[in-house]
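**Student:** Fold the following and give me the result.
(one chain, ligands or ions: 1)
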Amino acid sequence: MKVTVIGAGYVGLTTALALAYIGHDVAVVEKDREKLEILREGRSPLYEKGLDELLKIVREDVFFTENLDDCVPSADIVMIAVGTPAKKNGEADLSYVEQAVKGIAESLRPGGSYTIVIKSTVPVGTNEMVSQKLSQLLNQRNVSCDVHIVSNPEFLREGMALQDTFYPERIVVGTRSRKAISDLQQLYQPITQQTFTPPEFLPRPNGLQLPHFIIVEPASAEMIKYAANAFLALKISFINEIAGLCEKVGADITDVAKGIGTDKRIGNSFLNAGIGWGGSCFPKDTLALLELARQKGYAMPIVAAAREVNYRMRKEAVAKLRKHLGDFKGKKVAVLGLAFKPGTDDLRDAPALDIIRELLAEGAEVSACDPVALRNARKAFEGVANISFFEDPYEAALGADAVVLATEWPQWANIDFGRLRQQVRNPLFFDGRNFFNPDEVFKSGFQYLGVGR
Ligand code: UGA
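**Tutor:** Numbers count the residues shown, from 1 in each chain. Model prediction:
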């Protein structure tokens, strides 16, 4: 099928390359010239496992352009995958979606038949809005064509984007159009039936179950996306809240999580206590959900509490250090891990950033360390004093009064605590992700602090 994907962010680019890989004829429209140039050179503008390799394989088959006119008229499917950042009040900003819709309406060929897929995370009601806007714009142009709109939310995780795209658990399709359903069945068929030959670097997991293909009303598809993210966010906040109480009563949250997670009704994933969630999704989507509820005059105390607990974790991390160091004046803190999670260079709403800002505000000197996110970190702290950047954790720890692990990069799993101990001035280690075995850290002469243990 001929597919145009609008927006080369995590979702758009990953989806576009995967669709090209499984045999579709794909064009990507991206307005950011710098990004476009990088893509045309065959490199990924995002740090994401496997994306460079996949780009190498499909480079010749994907057309990168900044003009919708180059590809929309001849497309069967047009996918909107632009950003929907949060406005000041928390509401999702739909201006990029609206621009895309306007551009599509101007490019559709009279008499053509198109399925328009909304992949961006958008508030409930957007499908309806896009539908109305498109017909209004087409009317203004005095053009008639056969347009089918479908909400097809994305569930990929950063750092696992390709894995989640090639081997998803479900594909959600929200539409009232039979044509759109059959187009999306055809589009995703190699994935729903797992008939493609896996890329060498991304083998098919053993025992993989075929994904569910879930067909629902548009509003339900839109709600599924928000409800999924809000539920995952609150699951983490729940375990973090329990972690706080564990500290007070001498229980260990990692044991508690294991104990409850083996109950299938609860499940053991997303029960890692720590300094909480960040990124571009949970913070933005929980806020957008609350704003939507507010507009409808409906209270959502559980989602609100998930946010409250989450941001409290960051404050508590600093409070814990303060308790052990006295105050921060003249103290040096090494923060290991800046990205909001491992596998990405994304710093959006990363817990590490808030923690660092607070430490700096209270007079600490900070050595910030990350294996891939330093470029973005330097930008985020441009012009800020008392912060220096390192790729190497041992260098970052030199002369530190405390070492904080804020992101559990797997390459640090075997960190040599003996060597780290020799670098620091004061052996205090705060494991903000409960990543290490406390005994191992302790054996090397550190005082170990975790979250809820
Ligand atoms: C999340 C969802 O998991 C995806 O399904 C969804 O598609 C995506 O948002 C989106 O809406 O685009 P992502 O934000 O990439 O994906 O990352 P997650 O793996 O969900 O992690 C989010 C945050 O939760 C990270 O800061 C991570 O450190 C934290 N986390 C995760 C915990 O603190 N504990 C856990 O047990 C799991």
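
**Student:** Residue 415: what's it in contact with?
**Tutor:** Going by Cβ atoms under 8 Å, 6 or more residues apart in numbering, residue 415 touches 393, 436. For every residue, glycine as well, the C-beta is placed using N, CA and C.

**Student:** same check, this time on the one 10 residues further on
**Tutor:** By Cβ under 8 Å, 6+ apart, the residues touching residue 425 are 332, 399, 400, 401.

**Student:** and which of the residues you listed is nearest the ligand?
**Tutor:** Closest approach between these and the ligand, by Cβ to the nearest ligand atom: residue 400, at 22.8 Å.

**Student:** Now the closest one: which helix or strand?
**Tutor:** Using DSSP states H and E, residue 400 sits within no helix or strand.

**Student:** One more: residue 357?
**Tutor:** helix 351-361.

**Student:** any idea how far that helix is from the chain center?
**Tutor:** 21 Å (Cα atoms, centre = their mean, to the nearest Å).

**Student:** So that helix, near the ligand or not?
**Tutor:** No. Using Cβ under 6 Å from any ligand atom, helix 351-361 stays clear of the ligand, with a minimum separation of 6.9 Å.

**Student:** Could you confirm residue 3 falls within a strand?
**Tutor:** Yes. Residue 3: assigned to a strand according to DSSP: H, G, I helix; E, B strand; the rest coil.

**Student:** burial of it, as a residue count?
**Tutor:** Using other Cβ atoms under 10 Å, residue 3 has 24 neighbouring residues.

**Student:** which residues touch it?
**Tutor:** Residue 3 makes contact with 16, 19, 24, 25, 26, 27, 75, 76, 77, 78, 79, 187 under the criterion Cβ under 8 Å, 6+ apart.

**Student:** how about a cut-off of 10 Å?
**Tutor:** With contacts taken as Cβ atoms under 10 Å, 6 or more residues apart in numbering, residue 3 has the following neighbours: 15-16, 19-20, 24-28, 62, 71, 75-79, 115, 117, 183, 187.

**Student:** need the residues of the stretch 251-400 of the chain near the ligand, please.
**Tutor:** Residues of the stretch 251-400 of the chain lying near the ligand (Cβ under 6 Å from any ligand atom): 270, 271, 272, 274, 276, 277, 278, 279, 281, 282, 340, 341.

**Student:** Next, format the residues you listed as a markdown table and append neighbour count.
**Tutor:** As requested, these are exported to a markdown table (neighbours: other Cβ atoms under 10 Å):
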| residue | neighbour count |
| --- | --- |
| 270 | 16 |
| 271 | 20 |
| 272 | 19 |
| 274 | 25 |
| 276 | 27 |
| 277 | 28 |
| 278 | 25 |
| 279 | 23 |
| 281 | 22 |
| 282 | 23 |
| 340 | 28 |
| 341 | 20 |
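
**Student:** circling back to that earlier point, okay, and which of the contacts of residue 3 map to strands?
**Tutor:** Among those, the ones falling in strands (DSSP state E) are 25, 26, 27, 28, 62, 77, 78, 79, 115, 117.

**Student:** what are the ranges of the strands in this structure?
**Tutor:** Assigned by DSSP E, the chain shows strands spanning 2-6, 25-29, 62-65, 77-80, 113-118, 146-151, 170-174, 212-216, 332-336, 365-369, 387-390, 402-405, 428-431, 447-449.

**Student:** Need the CA coordinates for the first one. CSV is fine.
**Tutor:** By that I understand strand 2-6. Extracted in CSV, the C-alpha atoms of strand 2-6 (Å, rounded to 0.1, in the frame of the first residue of the first chain):
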residue,chain,number,x,y,z
LYS,A,2,1.1,3.6,-0.5
VAL,A,3,1.5,5.2,2.9
THR,A,4,2.4,8.8,3.9
VAL,A,5,3.5,9.3,7.4
ILE,A,6,3.4,12.9,8.7
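
**Student:** and it, average pLDDT?
**Tutor:** Here strand 2-6 scores 98 as its mean pLDDT.

**Student:** The last one now?
**Tutor:** Averaging pLDDT along strand 447-449 yields 98.

**Student:** Identify the spatial nearest neighbour of the most centrally placed residue in the chain, chain neighbours not counted.
**Tutor:** Centre of the chain computed as the mean C-alpha position; nearest residue by Cα atoms, centre = their mean is residue 158, 4.5 Å away. Closest residue to residue 158 apart from its sequence neighbours, by Cβ to Cβ, 6 or more residues apart in numbering: residue 344 at 4.3 Å.

**Student:** Count the residues that sit near the one you found.
**Tutor:** Neighbour count of residue 344, defined by other Cβ under 10 Å: 26.
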